[in-house]
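J.: okay, predicted coordinates and the sequence, questions at the end:
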2 protein chains.
Amino acid sequence: MEILKQHRVHGGTLNYAHHQSASTGTKMTLSVYMPPGKGPFPYLIWLSGLTCTEENFTTKAGAYSAAAKHGVAIVAPDTSPRGERVADDPAYDLGQGAGFYVDATQTPWAPYFKMESYVARDLIEAVEGAFPLAPRRSIFGHSMGGHGALTLAMKYPDLFKSVSAFAPIASPTRCPWGEKAFGAYLGPDRDAWRGHDASLLIEAGKAAPFDDILIDQGTADAFLKEQLKPELLEAAAGKVGQKLTLRMQEGYDHSYFFMASFVSEHVAFHAARLA
Amino acid sequence: MEILKQHRVHGGTLNYAHHQSASTGTKMTLSVYMPPGKGPFPYLIWLSGLTCTEENFTTKAGAYSAAAKHGVAIVAPDTSPRGERVADDPAYDLGQGAGFYVDATQTPWAPYFKMESYVARDLIEAVEGAFPLAPRRSIFGHSMGGHGALTLAMKYPDLFKSVSAFAPIASPTRCPWGEKAFGAYLGPDRDAWRGHDASLLIEAGKAAPFDDILIDQGTADAFLKEQLKPELLEAAAGKVGQKLTLRMQEGYDHSYFFMASFVSEHVAFHAARLA
């Protein structure tokens, strides 16, 4: 883990760093906010949405005041491998910046786009080795990153104490963003997609691993009806008795302004479960 | 005033807008955050630093939580006129994005670079005409904008209830950024510069118009010694009995991360004086 840049923020330290990932075969960039004090600190993993790098969350989310107050760190990785030898696509919703937190099986994505393994294994090992972090984690994210947070939490419930999301892609097997990305990364067999769909994972779960799942969704979000469909998450949770709190936030859109308005409540939600 | 875009933030509404300015002869862009409720609201004018547009503050400062809580609006204009017919310079610290909040007298800047008149007259008239704002204002800013806030407050004390700054250029007549900009905008006669130097204005003041002036400055700011020199402000205030609170913030740099860490305290400082 090489620290590239540091900023003092709210009494703690924001680190920009990169490290070699065995899963992606590339250097992966990330940010790590450490609250004031010595640690070890429990931490949140933040997964960003389409087009984001490790930087959007750091500058726009306004989460560090709450992180400092609660004594939790926040780790925010990039949304995909990057570089000239890494496959890409001109569209904003495929390739670099659009890893969808799955392990690709298809050419030309497979060798590098292993974001599920990256987050669930390499990232956790790397940050816990390099920073004074306790092995107590929660996970949250926005849009594509909300999908990532929910699917990884349902697939690896032992890794995370809690999960929440802002405007997540609730069911990528049933929306254009997801169908395009999963078709490219996982191939045409839709059966292979089911294990990466938060609503289907919740519905298929034999247990309800979390005491609650917090979802915030803006009612003025331009992607709400065609892409996000939070009602599918709510219905899936209802079927299996997984408590899920879906808050429809009046007038909010899909931007970081929406997240910034509620991120302190998400940090508090996780802090209570990490204590 | 034409509204270009709106976002719900912390229960209020962030507006991006533009309007024709008589002073600059151009369309000037700005942001206006209105807190929840009907108003009329007192408001803060935020002046940004070099290279900024009306957008840096909106996305990075994290000020709207405090604004919503205290019921104050925040108006943040662009840092200069813009456009193809407006003079510019390849350097980041002159021309578009670097208006320095003065009325230029020199070619090629004079016809457009009238940022003092723009802020002190056109901006105030335009926002108070277009939004439910009370004629109760305070002013604050960062770096070049801290210089702007302090000089405009000292020159127009009747316009503003209070003033504060983050890492202001304390004395532009005595630092490279100021000497370059004032030489270009105001010409070689240094006597013409004195009326736009916060430290000299405070020192020359016959009255001490504000009950306190709040200044935050990071100790790890790369521009501290050569460009910012807050000790000159402190000395000037001391000479004339103007109370000034200079807080040297250990380890903070010149970025928006520094401002985001203390902006809530500045909003509270002004809200108490606008009540």
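T.: Right, received. Where do you want to start? As the structure is a computational prediction, the values presented were derived from the model and not from experiment.
J.: near chain B, which residues of the stretch 1-150 of chain A?
T.: Within the stretch 1-150 of chain A, the positions adjacent to chain B are A:H7, A:R8, A:V9, A:H10, A:G11, A:L14, A:T59, A:K60, A:G62, A:Y64, A:S65 by C-beta under 8 Å from any C-beta of the partner chain. Bear in mind the C-beta positions are built from the backbone N, C-alpha and C, glycine included.
J.: adding neighbour count and pLDDT, write these out as a markdown table.
T.: As requested, those are arranged in a markdown table below (neighbours: other C-beta atoms under 10 Å in any protein chain shown; pLDDT from 0 to 100):
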| residue | neighbour count | pLDDT |
| --- | --- | --- |
| A:H7 | 25 | 98 |
| A:R8 | 21 | 98 |
| A:V9 | 26 | 98 |
| A:H10 | 22 | 98 |
| A:G11 | 17 | 98 |
| A:L14 | 22 | 98 |
| A:T59 | 19 | 94 |
| A:K60 | 20 | 94 |
| A:G62 | 27 | 95 |
| A:Y64 | 27 | 98 |
| A:S65 | 21 | 98 |
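J.: for A:E128, which non-adjacent residue is spatially closest?
T.: Closest residue in space to A:E128, ignoring its immediate chain neighbours: A:P135 at 6.2 Å, by C-beta to C-beta, 6 or more residues apart in numbering or on different chains.
J.: on that earlier part again, what's the farthest-apart pair in the residues of the stretch 1-150 of chain A next to chain B?
T.: Taking C-beta to C-beta as the measure, the residues of the stretch 1-150 of chain A next to chain B reach their widest spread between A:G11 and A:K60, a distance of 19.9 Å.
J.: mind checking which helix or strand of chain A has the lowest mean pLDDT?
T.: Taking mean pLDDT, DSSP states H and E as the measure, chain A has helix A:55-60 as its least confident helix or strand, at a mean of 93.
J.: just the helices in chain A please.
T.: In chain A, the helices defined using DSSP state H lie at A:55-60, A:64-70, A:115-117, A:124-130, A:144-155, A:176-186, A:198-204, A:230-240, A:256-274.
J.: and these, which is most packed in?
T.: Among these, the stretch with the highest mean neighbour count (mean count of other C-beta atoms under 10 Å in any protein chain shown) is helix A:144-155, at a mean of 28.
J.: returning to that earlier point: and of the helices of chain A, who's closest to B:Q242?
T.: In this view, the helices of chain A are compared for proximity to B:Q242 by C-beta to C-beta, and helix A:64-70 is the closest at 31.2 Å.
J.: I'd like to know which elements the closest one is packed against.
T.: Helix A:64-70 makes packing contacts with strand A:12-20, strand A:73-77, helix A:256-274, helix B:256-274 when contacts are defined by 3 or more C-beta pairs under 8 Å, 6 or more residues apart in numbering or on different chains; DSSP states H and E.
J.: tilt between the last one and strand B:73-77?
T.: Spelled out, it's helix B:256-274. Interaxial angle of helix B:256-274 relative to strand B:73-77 (axes from the mean of the first three to the mean of the last three C-alpha atoms, to 10 degrees): 130 degrees.
J.: same thing with the first one?
T.: In terms of direction (the same axes, to 10 degrees), strand A:12-20 departs from strand B:73-77 by 50 degrees.
J.: same deal with the second one?
T.: Here strand A:73-77 runs at an angle of 40 degrees relative to strand B:73-77 (the same axes, to 10 degrees).
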